[in-house]
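> Dropping a prediction and its sequence here:
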Amino acid sequence: MTQLTMGKALTAGLRHAMADDDRVLVMGEDIGRLGGVFRITDGLLDEFGPKRVVDTPLAESGIVGTAVGLAMRGFRPVVEIQFDGFVYPAFDQIVCQVAKLHYRTQGRVTVPLTIRIPWAGGVGAAEHHSESPEAYFVHTAGLRVVAVSNPQDAYTVLQQAIACDDPVVFFEPKRLYHTKGEVDLDADIADAAPMGLARVVRPGTDATIVTYGAQVTTALDAAQAAEDEGISLEVIDLRSLSPVDYRTVSASVRKTGRLVVTHEAGGEAGVAAEIIASVTEQCFHYLEAAPARVTGLDIPYPPAKLEKHHIPDLDRVLDAVDRVLDRPNSLTGVEL
């Protein structure tokens, strides 16, 4: 096992995939000589050359459109979108071409394309650099959507995404790029947990918290704080947002009877709303309380000085836990 930051784990995952398969290439803005804004592709140009590490013009639609053609001709391109909010110029290519080609051709054409997106806030940046657009892609049939929360998954799931014959939108929480963790660089992706499988990262009995990306850390902090009050919270890292591993989520809710879903994206028509609706359909008779969601506000991303009020924090998550446990909370006041 090796201690790596999430950023370095992603680099290692890309390097491993490129060394194993010469059909894998990476492309994006400033990813070659500069190594990317976040230095995720640093060193790959020297190792694999300019035909496999391609600096592109500043044109996301053109980047993804070119990658579609490469994927159709047998390559496995990995596209980097420089920041989450820059994906919108490529939206038409992703939802109208990438997501539909396999279905449109009755399975004759596959699009093994991975779209890496540094994602979400918490880094003191502004709009277009701190956004959470995952619900757009979760709503789009034909795409796999994943979000990693730790260095080991960053290393392993990225390789699984590249090896997958389906197009994968791969979200990387940029505020975790510098967090360190143990990474097994010798792990075989065939032996790792499947890309679409959720993980119970902390077992518990009183309520279930479902989340993904950087909010996994917040949920774990909330579970630790709740333990001090004798409350046992089970924390589930979804890992895959499309498809969702409802077997793992529903099994947990049937055990605890209570559900909190948290994510940084806005609440309106978000991932949390879909998870709560689906779990309610599947587990209605097991629920002891109405599920609660803790999300970002339904506003354009705020200036950096205000983002701490926008991103769900430990106090907001614990307040939702209090609601589902019928404890005093922000809606009832401090005293019942």
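Sure thing, it's come through.
> hey, let's count contacts and neighbours off CA atoms from now on
Fine.
> Would you map the helices across this protein?
6-20, 44-48, 60-72, 91-92, 101-104, 134-138, 151-163, 215-227, 246-256, 271-283, 307-310, 314-324 (DSSP state H).
> Longest strand in the protein, by number of residues?
In the chain, with assignment by DSSP state E, the single longest strand is strand 259-266.
> sorry, back to before: and the helices of the chain, which is most packed in?
Highest mean neighbour count among the helices of the chain (mean count of other Cα atoms under 10 Å): helix 151-163, with a mean of 25.
> Nearest residue to the middle of this protein?
Ala147 (1.7 Å; Cα atoms, centre = their mean).
> what does the domain assignment say about the protein?
2-183, 199-324 (automatic domain parsing).
> want to throw those into a markdown table with distance to Ala190?
Converted to a markdown table, these look like this (distance: least, Cα to Cα, whole Å):
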| stretch | distance to Ala190 |
| --- | --- |
| domain 2-183 | 8 |
| domain 199-324 | 17 |
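> count of residues packed around the residue nearest to Leu4 when sequence neighbours are not counted?
Once flanking residues are discounted, Leu4 sits nearest to Lys180: 5.2 Å by Cα to Cα, 6 or more residues apart in numbering. Close neighbours of Lys180, defined as other Cα atoms under 10 Å, add up to 18.
> give me the beta-bridge partners of Lys180?
Taking DSSP bridges as the rule, Lys180 bridges to Thr5.
> Surely it and Thr2 touch.
No - contact criterion Cα atoms under 8 Å: Lys180 and Thr2 do not qualify, at 9.8 Å.
> give the contact list for Asp315.
Ala222 (Cα atoms under 8 Å, 6 or more residues apart in numbering).
> just the one 3 residues further on next, same as before
Remark: with contacts taken as Cα under 8 Å, 6+ apart, Leu318 is in contact with Ala222, Ala226.
> still on that earlier bit, ok, now how distant is the residue nearest to the centre of the chain from Asp191?
20 Å (Cα to Cα, to the nearest Å).
> and of the helices of the chain, who's closest to Gly124?
helix 307-310 (7.6 Å; Cα to Cα).
> which helices and strands does that closest one pack with?
Helices and strands touching helix 307-310, by 3 or more Cα pairs under 8 Å, 6 or more residues apart in numbering; DSSP states H and E: there are none.
> Touching that helix from outside, list them.
Against helix 307-310 from outside (Cα under 8 Å, 6+ apart): Gly121, Gly122, Gly124, Glu264, Gly296, Leu297, Tyr301, Pro302.
> which residue packs closest to the fourth one, ignoring adjacent ones?
Residue nearest to Glu264 in three dimensions, not counting chain neighbours: Gly296, with 4.7 Å by Cα to Cα, 6+ apart.
> Would you confirm that that neighbour contacts Gly267?
Yes - between Gly296 and Gly267 there is a contact under Cα under 8 Å: 6.5 Å.
> between these two, which one's more packed in?
Between Gly296 and Gly267, Gly296 has the larger neighbour count (other Cα under 10 Å), namely 21 against 17.
> which ones are touching that one?
Neighbours of Gly296 in contact, by Cα under 8 Å, 6+ apart: His263, Glu264, Ala265, Gly266, Gly267, His310, Ile311, Pro312.
> now those residues in TSV, with pLDDT and distance to Val87?
What follows is those, written out as TSV (pLDDT from 0 to 100; distance: Cα to Cα, whole Å):
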residue	pLDDT	distance to Val87
His263	98	19
Glu264	97	18
Ala265	98	15
Gly266	97	17
Gly267	97	20
His310	96	21
Ile311	97	21
Pro312	97	23
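> mind putting those residues in CSV, distance to Leu143 included?
Shown next, in CSV, are the contacts of Gly296 (distance: Cα to Cα, whole Å):
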residue, distance to Leu143
His263, 20
Glu264, 21
Ala265, 19
Gly266, 21
Gly267, 22
His310, 28
Ile311, 26
Pro312, 27
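> and which of those is nearest to Glu60?
Among the contacts of Gly296, and counting by Cα to Cα, the member closest to Glu60 is Ala265, at 22.1 Å.
> What residues does that closest one make contact with?
Counting by Cα under 8 Å, 6+ apart, Ala265 has contacts Ala120, Glu131, Ser132, Pro133, Glu134, Thr295, Gly296, Leu297.
> closest to Glu47 among these?
Ala120 (30.2 Å).
> Now do the phi/psi pair for that closest one.
phi 80, psi -180 (degrees, to the nearest 10).
> can you list the weak-confidence ranges in the protein?
Scanning the chain for pLDDT under 70 picks out the ranges 334-336.
> again, 90 this time
Counting by pLDDT under 90, the chain shows low-confidence ranges at 1, 126-127, 187-191, 328-336.
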